[in-house]
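A.B. asks: after the sequence you'll find the predicted model.
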Amino acid sequence: MERITLYLRTTKTSGKIKLRFRLTEGREVQLFHKSNIEADLADLKKFDMDGSLKPRVSVYNKSLCSAVAREIEAMKEAYTQLKEEKNVFDATDFEARIDMVLNPEKYNISNSIEAETLLVRFNRYIDGLKTYGTVSEGRVKIYKIVWDKLSRYLLIFKKSNYTPEQFSPEEILAFREFVINEYKYVDKHRGIYGNLPKISVPTKQASINTASAKLRALQAFFNELEDNDEILKSPFRRLTKKRRNEALREQYDDPFFLRYEEVQQIMATEVPETLRETKDAFLLQCALGCRIGDYFKLSMSNVAVTDDGIPYIQYLPKKTMKTQNDRREKKTPLMLFALEIVKRTGFKFGVLKYASGKSGYNAKIKKLLEYCKIDRLVNQYDEASGTMNRVPLHTVGSSKLCRKTHVDIANKAQVNMYATGLHEIGS
């Protein structure tokens, strides 16, 4: 099987170089390809020779990463085509075929003005949201994730040069299927997925809710193009109502949350030293009901006291801050156990540094709940098998459980002063 690597031969220690690649297969085949990619040597230090990111690299040049992946895929495709068509070919044939794979429009349409591609326009839309939009940083990150998935979809199916006009209603449904089952493409396209951080590589089927969220972001992009008269009609509006509703459909399991006696059970349980910080962080978040992104940033400066002597937390919610009509802070009075935790810890929870991963906050919440024997069975739908499973509550514990628990207590008790701003009367 062929192997493609970066071919770096330079005495420079800084600055930019044009990237070259080498394709080998056994001892008989050795082909070189000079690309048009201009890369900074500082950025290249974060890549292995096979074009993938080095372990534990989280900050890198994403444009370069995508360009390298696209070049490698084009080389693989060109080599496969030539082997199928010819018994013998040389470096000139190889270079010409790579250009044909990367720039098919040059060989189909003459003297045409190249239109802005879908990916380029979508990227410009995201930049506009960051600069002029009213969406949060978190929402911008979601659009970037959609862009990444769309770029992989178009690259794998050889449609990277598609313009917005070419993205048909059928492409929407195909992209939805790709989002749900992207994990199936990982082994076949190591050149693409090898460049991604491990956490970004899909390993299982995604839910229809995940696919729906991605499509809604893409729909907003096409709506703007239609409003700006850049396209005649959004491909989403060209879908029949039934097919559009199906594509954007969301389904949710029955909500689950901690009951009052379960919260008391956690409070009363003596836990090992390894879980004490998690216990404090978890119980305090249940009392506040805030999102993990807001919780991580809280400090003693967010604590205030009313004229009546009631302590409370005040903060601007990061996710909805830009979409609010005002900049009014959310205020949540502190219950006594929460006040005790705040005074003792000062919001200094190292466990919040990483939410995901095998040793992150969410994983430790599961261990905490299991240790405290929070094993009441709750319903969880299995997307892959299409069945409803009954699982112990501790197996689905996460920071979201804190938010659901707080909201439920506030609603059932009907104590408005304990409800966060997102759940006030009239919202």
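C.D. replies: Okay, I see it. Numbers count the residues shown, from 1 in each chain.

A.B. asks: now the residue positioned nearest the centre of the chain: how far from Val88?
C.D. replies: With distances taken as CA atoms, centre = their mean, the residue of the chain nearest its centroid is Ile145 (4.7 Å). The gap separating Ile145 from Val88 is 44 Å, by CB to CB, to the nearest Å. In this view, the C-beta of every residue, glycine as well, is placed from N, C-alpha and C.

A.B. asks: I'd like the next helix or strand past the helix of greatest length in the chain.
C.D. replies: When the chain is parsed with DSSP state H, its longest helix is helix 62-85. The helix or strand immediately downstream of helix 62-85 is helix 91-102, counting by DSSP states H and E.

A.B. asks: which parts of that next one are buried?
C.D. replies: For helix 91-102, burial by neighbour count (16 or more other CB atoms under 10 Å) applies to 94, 97-102.

A.B. asks: assign Thr332 to helix, strand or coil.
C.D. replies: Under DSSP: H, G, I helix; E, B strand; the rest coil, the three-state class of Thr332 is strand.

A.B. asks: ok, it - how many residues close by?
C.D. replies: 22 (other CB atoms under 10 Å).

A.B. asks: surely it touches Pro311?
C.D. replies: No. Applying CB atoms under 8 Å as the test, Thr332 and Pro311 come out as separate, 10.2 Å apart.

A.B. asks: in what helix or strand does the residue lying closest to Leu225 once chain neighbours are set aside lie?
C.D. replies: In space, and not counting its chain neighbours, Leu225 is closest to Ile231: 4.7 Å by CB to CB, 6 or more residues apart in numbering. Under DSSP H and E, no helix or strand contains Ile231.

A.B. asks: quick one, helices of the stretch 51-200 of the chain?
C.D. replies: Using DSSP state H, counting those that start in this stretch, the helices of the stretch 51-200 of the chain run over residues 62-85, 91-102, 105-108, 118-132, 137-156, 169-180, 190-193.

A.B. asks: who's in contact with the second one?
C.D. replies: If I follow you right, that is helix 91-102. With contact meaning CB atoms under 8 Å, 6 or more residues apart in numbering, helix 91-102 is reached by 23, 31-34, 70-71, 74-75, 77-79, 81-82, 86, 106-107, 158.

A.B. asks: so where's the stretch 151-300 of the chain shaky on pLDDT?
C.D. replies: Scanning the stretch 151-300 of the chain for pLDDT under 70 picks out the ranges 251-253.

A.B. asks: okay, now Ala220: neighbour count?
C.D. replies: Ala220: 17 surrounding residues under other CB under 10 Å.

A.B. asks: list the helices and strands the helix or strand hosting it packs on?
C.D. replies: Element membership of Ala220 [criterion: DSSP H and E] is helix 208-227. When contacts are defined as 3 or more CB pairs under 8 Å, 6 or more residues apart in numbering; DSSP states H and E, helix 208-227 packs onto helix 118-132, helix 137-156, helix 169-180, helix 235-238.

A.B. asks: so which of the ones you listed gets nearest Ser385?
C.D. replies: helix 169-180 (14.2 Å; CB to CB).

A.B. asks: His33 belongs to a helix, doesn't it?
C.D. replies: No. Per three-state DSSP, His33 lies outside any helix segment and is strand.

A.B. asks: thought it was touching Met75?
C.D. replies: Yes. His33 lies in contact with Met75 (CB under 8 Å); the separation is 5.8 Å.

A.B. asks: returning to what we had before: okay, the helices and strands packed on helix 208-227 in CSV with distance to Leu284 next?
C.D. replies: Below are these laid out as CSV (distance: least, CB to CB, whole Å):
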stretch, distance to Leu284
helix 118-132, 32
helix 137-156, 22
helix 169-180, 35
helix 235-238, 42
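
A.B. asks: quick one: closest of those to Glu277.
C.D. replies: Closest approach to Glu277 among these (CB to CB): helix 137-156, 25.4 Å.

A.B. asks: got the buried residues for that closest one?
C.D. replies: 139, 142-144, 146-147, 149-156.

A.B. asks: same question for stretch 300-315.
C.D. replies: 302-303, 311-313, 315.

A.B. asks: for the residues you listed, give me a markdown table that also has secondary structure and pLDDT.
C.D. replies: A markdown table is the format used below for the buried residues of stretch 300-315 (DSSP: H, G, I helix; E, B strand; the rest coil; pLDDT from 0 to 100):
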| residue | secondary structure | pLDDT |
| --- | --- | --- |
| Asn302 | helix | 94 |
| Val303 | strand | 95 |
| Pro311 | strand | 91 |
| Tyr312 | strand | 91 |
| Ile313 | strand | 92 |
| Tyr315 | strand | 90 |
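
A.B. asks: ok, those vs Gly350, which is closest?
C.D. replies: Nearest to Gly350, judged by CB to CB, of the buried residues of stretch 300-315 is Asn302 at 18.4 Å.

A.B. asks: quick one, the longest helix of the chain and helix 91-102 angle?
C.D. replies: Put simply, helix 62-85 runs at 120 degrees to helix 91-102, going by axes from the mean of the first three to the mean of the last three CA atoms, to 10 degrees.

A.B. asks: centre of the chain to helix 62-85, how far?
C.D. replies: From the chain centre to the centre of helix 62-85 is a distance of 25 Å (CA atoms, centre = their mean, to the nearest Å).

A.B. asks: which of the buried residues of helix 91-102 sit farthest apart?
C.D. replies: Among the buried residues of helix 91-102, Phe94 and Leu102 lie farthest apart (CB to CB), at 12.7 Å.

A.B. asks: list the contacts of the residue nearest to Pro311 when sequence neighbours are not counted.
C.D. replies: In this structure, Pro311 finds its nearest non-sequential neighbour in Leu334, 4.7 Å apart by CB to CB, 6+ apart. Leu334 makes contact with 287, 303, 311-313, 342, according to CB under 8 Å, 6+ apart.

A.B. asks: now do the shared contacts for His33 and Met75.
C.D. replies: In terms of CB under 8 Å, 6+ apart, His33 and Met75 are both contacted by the residues 21, 23, 98.

A.B. asks: and those, which is closest to Ala174?
C.D. replies: Of these, the one sitting nearest to Ala174 (CB to CB) turns out to be Ile98, at 25.9 Å.

A.B. asks: against Pro104, how distant is that closest one?
C.D. replies: 12 Å.

A.B. asks: swap in Leu129?
C.D. replies: 31 Å.

A.B. asks: give me the more crowded residue out of those two.
C.D. replies: Taking other CB under 10 Å, Leu129 and Pro104 do not tie; Leu129 has more neighbours (18 against 14).

A.B. asks: below-threshold pLDDT in the stretch 301-427 of the chain: ranges please.
C.D. replies: Across the stretch 301-427 of the chain (using pLDDT under 70), the flagged ranges come out as 319-327, 383-384, 407-427.
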